[in-house]
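Undergrad: Take a look and give me a structure for this.
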Amino acid sequence: MQDVFSRVSLLRRPRILARAARLGARNYCRKRDLRRILGYGGIPRPAAAVMRLLEMEEGLNASRQAGEAGYSMIRHVDVLIALASEAAYLRTRCNAKTAVPRDRRFAAAEGAAPCP
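TA: As a prediction, the model looks like this:
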């Protein structure tokens, strides 16, 4: 698991892409957005989703740096949003497994609002 977290934390992208991804992550809905970004099949587990998103993002970043005509900044931001959100989701799941269970009322209040 630590390899996934270290790979995500080592990403260095232009400020405009990082800011757009941070703002977009507020409205991320795993069920809706991950299926749209990955394109087919069921929704994978968080660790597998992060690994697939990392591979997609590396390809998009290489296209961006090469100045390829087929590069889509919108697609790149979508993948970065999903990557940041999935990594945060994975981190909370890992922390929840090691943390002491809390009262359900407080746990629900601390989490993000459910998506429609």
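Undergrad: Quick one: the helices in the protein, in order.
TA: Assigned by DSSP state H, the chain shows helices spanning 2-9, 15-24, 35-38, 46-66, 73-98, 104-110.
Undergrad: From the contact counts, what lies against the third one?
TA: I take that to be helix 35-38. helix 46-66, helix 73-98 (3 or more Cβ pairs under 8 Å, 6 or more residues apart in numbering; DSSP states H and E). Quick note: C-beta positions are derived from backbone N, CA and C, even for glycine.
Undergrad: what about Arg93, neighbour count?
TA: By the criterion of other Cβ atoms under 10 Å, Arg93 has 13 neighbours.
Undergrad: Now it. Nearest residue, chain neighbours left out?
TA: Here the nearest residue to Arg93 in space, its sequence neighbours aside, is Pro46; by Cβ to Cβ, 6 or more residues apart in numbering that works out to 6.4 Å.
Undergrad: Only the buried residues of stretch 49-58, if you could.
TA: By neighbour count, and taking 16 or more other Cβ atoms under 10 Å as the criterion, the buried residues in stretch 49-58 are 49-54, 56-57.
Undergrad: just how off-centre is stretch 16-33 within its chain?
TA: Taking the mean C-alpha point of stretch 16-33 and that of its whole chain, the gap between them comes to 8 Å (Cα atoms, centre = their mean, to the nearest Å).
Undergrad: Against Gly42, how distant is the most centrally placed residue in the chain?
TA: Closest to where the C-alpha atoms of the chain average out (Cα atoms, centre = their mean) is Leu83, at 2.1 Å. Distance of Leu83 to Gly42, computed by Cβ to Cβ, to the nearest Å: 19 Å.
Undergrad: who touches Glu55 in this structure?
TA: For Glu55, no contacting residues are found, by Cβ atoms under 8 Å, 6 or more residues apart in numbering.
Undergrad: Just the pLDDT at Pro101, thanks.
TA: According to the predicted model, the pLDDT of Pro101 comes to 57.
Undergrad: again with Arg64
TA: For Arg64, the predicted pLDDT is 91.
Undergrad: That one contacts Tyr71, doesn't it?
TA: Yes: the criterion here is Cβ atoms under 8 Å, and Arg64 meets it with Tyr71 at 5.3 Å.
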